[in-house]
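Peer 1: predicted model follows, preceded by the sequence.
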Amino acid sequence: MNSETLNTLDSYSKNKYKYGFVTDIDNEKPKKGLNEDTIKFISLKKKEPDWMLEWRLKAFSKWKKMKEPKWANLNFPEIDYQDIYYYSAPKGFEKKPKDLSEVDPKLIETYNKLGIPLEEQKVLAGVAVDVVFDSVSVATTYKGELEKLGIIFCSIGEAIQKHSDLIKKYLGSVIPAGDHSFSALNSAVFTDGSFVYIPEGVKCPMELSTYFRINAENTGQFERTLIIADKGSYVSYLEGCTAPKRDDNQLHAANVELIALEDAEIKYSTVQNWYPGDEDGKGGIYNFVTKRGLCAGKNSKISWTQVETGSAITWKYPSCILKGDNSIGEFYSVAITNNFQQADTGTKMTHIGKNTKSKIISKGISLGNSQNTYRGEVSFLRKADKARNYTQCDSLLVGNKCGAHTVPYIDSKNNTAVIEHEASTSKINEDQLYYCRQRGLSHEEAVSLIVNGFCKQVLQELPMEFAVEAQKLVSISLEGSVG
Amino acid sequence: MNIQDIYQKNRKNIFFSENKDIETHREKLINIFENDRFDKKNNESLKNINLKNFIDFKYKYLIPEETSVINNNHENSYSIVSVNGQCSTFKDDKIEITKILDEDYNDFSKNNTIEKNDHFVNLNSLFLNSGFKIVIKRNNNIKIKISNIVTDDDLTIFQKNNIICQEGSSLSLIEEYENKNNSTSNILNVIKLEKHSQLNHFLIQDNSSNHNLIITSHSSCKKDSTYTQKVYNFSEGYVRNFHYSELIETNSEADLQGIFFLKDNNTSNNKTFVKHLAQDCKSNQVYKGILNDRAKATYFSNTHVDQVAQKTEGYQLSKGILLSDSASYFSKPELKIYADDVKCSHGSTIGPIDENAIFYLRSRGMSKIAATKILISSFINEELSSIDNEQMSEIIQKKLVRYLSKVK
């Protein structure tokens, strides 16, 4: 590992993670199961105003009438919604491993490969750490700086209390509660998530990440994120982390809403590396995420970048509604599936305004016994004059037990709009492999190099520090299944 | 009147209504219709369709009086006239034409490749009232032209044809659909290619606006066989072309191509599906469409590569030109790949005619309409110039000129 990487990671360690535990929340556990009482309990615990509770209950009544969407190319046992805790109280210390020797050695090995310092490893693995780094102060410094610019960056719970006008106006405006069963579920029981508001004309000076935010140690099971970029503003938001994350909750159903007003730009990057289950496909997280961005104003832009390597099941379609004239939507994705992982991911670009542009670059890599599907919809509505789309989705197959599928939906109702779509599926080029081997690389190194090259187009869209880690992550994901 | 009543009333002229196994199967189908009727939302086969014409249909069938003629005007060339989906039997040392038999009924309904809830296929199985079977005998090189004629108004033809190319045979088959009366033809074609056989299948569709044509075909290719299908759709009425192809033995090829020319309120639904079930097979799916006025079209293409089908090459291409601002085109090119040593790709474009190209031609003194026409012709030129049959090529050129004369 070169020193630059170490430095990057080192600098991250200073501000990336918050070491400590929030103890002010009661250890009281709600009952299992989903009913109106659960929702009232959540709302009460979060000290929410009445209108929020009503909103949740409305969503719940919609959810009761809905069925899970079945069109995805995924196989999973039926989810028992009554067998889930909907309010995750902090775990007691007695449950946590006392030191690293008690943690799964495979996890430690991965941390070492990613170059994560020892102290951080402890936090990631959930070891009870006595030494509390003073990161609260770091975070507060950032907060101060953001406040000066008028940027609001806080947890969604805090925003409901303090910025209710914004929440009332925008929450559920891009993803209506009744959109589909997972969005209704999330709307009813969400407990965690971020809220970002960038005021008019402000360019956010730093990449916002959940790690800066106090009170965000646990990735919530039902996260709700709302980002609003007012006229002429810019923000780049990072979600997730390259380090593998274990979580007791099997079902994750997050909702992310982005709203870009006139001339605003939002860049949203995700690296997802949740527990994918073991080699035999047992366990792992079911990740049903709804992400949607609305380019509401003229000349606005929303860009999604995602690297998906974790989760047993990924069901995720970050999409853009290009409503404002001249607005731009982008989607860059790398999805790697190994062992028995299943991913059905893609995007949806809905062109409504004139001169709207969208670009989709998707790279899928399947290994082992996994199934990897790209599913994307591009539609031009009647008034989308001179709209333009370019889609490229490439799949790489390693091994003969995996599957790679491409399911694009292309719909044009405008005769001045131009749509282009291309896709290819192949295995790793023998010639390239031969060339690399000839120069002394092992088979595994060669494959890793070629795959990294295959993903380059997407990885370069990630913010610098993230990109370095993501490259390593790609290599690690390939390990053990090549050759 | 519901489906059950229509069926019971017309039982006597529906094929195989005496066969018990088939009857039980049909009861199941009737149940499907009674229970979920046309579940339009989740059924690809029903996109953009005005269901009214198909749900409340009146069943009417006439057994043709005159038996159809087979001219053996050349040694290897036959022309067949199929009247209301029926054709007289014929036999010589090269080909054999017979009626379809009970055992042919299951070819379609028990095939996994074909979508289960395709309502038009189900309707056909239920009301089957015509059809014939052509066998091309071993090592013969044959040309056949079939003219499909519907004699009266309001007829509903539910036809099923079997075409079998025996080992080493080669067939060039031209099918013409040119009907001017208010009727519906629902046709299933089952095509079987034995080892080393070859079939070039041309379908020319040119019906008037009150004739609905629904064609669904399934071809299966054995070792070293090649199936080529070219569909030219100039119809003014509704046309559905759903074509499935299975490559079941090594080194076989399937090539499914189509061009459609739509105008006014016309709708066309197209689907091609190639399933690779053996090694070293090739497939190609190309559909091009030109849509004017308020025309609507859908094109679903799908390449499925089974785990054993290594060294597969499968390509798809879908291109659409929208000439008017109220035309719409939907395409869904799908790839499902379970083997790793494959070369598969798809491409799809939808857009207007290239403005720069128009500008180039106009700067050389052409009117806008003339330029548009030239560019439309060039858009499909590749397909037209690849027709090696002169007679065919002429017919299609004429129809193209007719279509272009209405482009404004």
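Peer 2: Perfect, thanks for sending it.

Peer 1: domains of chain B?
Peer 2: B:69-115+B:128-352, B:357-408 (automatic domain parsing).

Peer 1: can you redo those as CSV with mean pLDDT, mean neighbour count and distance to A:Ser319?
Peer 2: For the C-beta atoms, the positions are set from N, CA and C on the backbone; glycine is no exception. CSV is the format used below for the domains of chain B (pLDDT from 0 to 100; neighbours: other Cβ atoms under 10 Å in any protein chain shown; distance: least, Cβ to Cβ, whole Å):
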stretch, mean pLDDT, mean neighbour count, distance to A:Ser319
domain B:69-115+B:128-352, 88, 21, 17
domain B:357-408, 88, 14, 32
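
Peer 1: Serialize those to CSV and add fields for distance to A:Asp325.
Peer 2: Formatted as CSV, these follow (distance: least, Cβ to Cβ, whole Å):
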stretch, distance to A:Asp325
domain B:69-115+B:128-352, 17
domain B:357-408, 25
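
Peer 1: out of those, which gets nearest to chain A?
Peer 2: domain B:69-115+B:128-352 (3.6 Å; Cβ to the nearest Cβ).

Peer 1: how far out from the middle of the chain is the closest one?
Peer 2: 4 Å (Cα atoms, centre = their mean, to the nearest Å).

Peer 1: stretch B:362-373 too?
Peer 2: The answer for stretch B:362-373 is 35 Å, by Cα atoms, centre = their mean.

Peer 1: may I have it as PDB, with CA atoms only?
Peer 2: Extracted C-alpha coordinates of stretch B:362-373, given in PDB (Å, rounded to 0.1, in the frame of the first residue of the first chain):
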ATOM      1  CA  ARG B 362     -31.600  20.100 -48.800                       C
ATOM      2  CA  SER B 363     -28.400  22.100 -49.400                       C
ATOM      3  CA  ARG B 364     -28.200  20.100 -52.600                       C
ATOM      4  CA  GLY B 365     -31.500  21.300 -53.800                       C
ATOM      5  CA  MET B 366     -33.900  18.600 -52.600                       C
ATOM      6  CA  SER B 367     -37.200  19.400 -51.000                       C
ATOM      7  CA  LYS B 368     -37.700  18.400 -47.400                       C
ATOM      8  CA  ILE B 369     -40.100  15.700 -48.300                       C
ATOM      9  CA  ALA B 370     -37.800  14.200 -50.900                       C
ATOM     10  CA  ALA B 371     -35.000  14.300 -48.400                       C
ATOM     11  CA  THR B 372     -37.100  12.600 -45.800                       C
ATOM     12  CA  LYS B 373     -38.100   9.900 -48.200                       C
END
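
Peer 1: contacts for that stretch, please.
Peer 2: B:323, B:353, B:357-358, B:361, B:374, B:404, B:407-408 (Cβ atoms under 8 Å, 6 or more residues apart in numbering or on different chains).

Peer 1: run the last query once more with 10 Å
Peer 2: B:321, B:323, B:353, B:357-361, B:374, B:400-401, B:403-405, B:407-408 (Cβ atoms under 10 Å, 6 or more residues apart in numbering or on different chains).

Peer 1: among those residues, which are in helices?
Peer 2: B:357-361, B:374, B:400-401, B:403-405 (DSSP state H).

Peer 1: can I get those residues in TSV with distance to chain A?
Peer 2: Listed next are the ones in helices among the contacts of stretch B:362-373 as TSV, based on distance: Cβ to the nearest Cβ, whole Å:
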residue	distance to chain A
B:Ala357	13
B:Ile358	13
B:Phe359	15
B:Tyr360	18
B:Leu361	19
B:Ile374	18
B:Leu400	20
B:Val401	23
B:Tyr403	17
B:Leu404	17
B:Ser405	20
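
Peer 1: ok, of these, which one's closest to B:Glu18?
Peer 2: B:Tyr403 (46.3 Å; Cβ to Cβ).

Peer 1: next, the contact list for that closest one, please.
Peer 2: Taking Cβ under 10 Å, 6+ apart as the test, what B:Tyr403 contacts is B:234, B:236, B:261-263, B:290, B:292, B:373, B:376.

Peer 1: show me the two of these that sit farthest apart.
Peer 2: Of all the pairs that these form, the one spanning the most space (Cβ to Cβ) is B:Glu236 and B:Lys373, at 19.1 Å.

Peer 1: and the helices in chain B?
Peer 2: So, for chain B - with DSSP H - the helices run B:3-9, B:20-36, B:52-55, B:106-109, B:119-127, B:355-363, B:368-385, B:390-405.

Peer 1: out of those helices, which is closest to B:Ile146?
Peer 2: helix B:390-405 (13.3 Å).

Peer 1: that closest one to helix B:368-385, inter-axis angle?
Peer 2: 160 degrees (axes from the mean of the first three to the mean of the last three Cα atoms, to 10 degrees).
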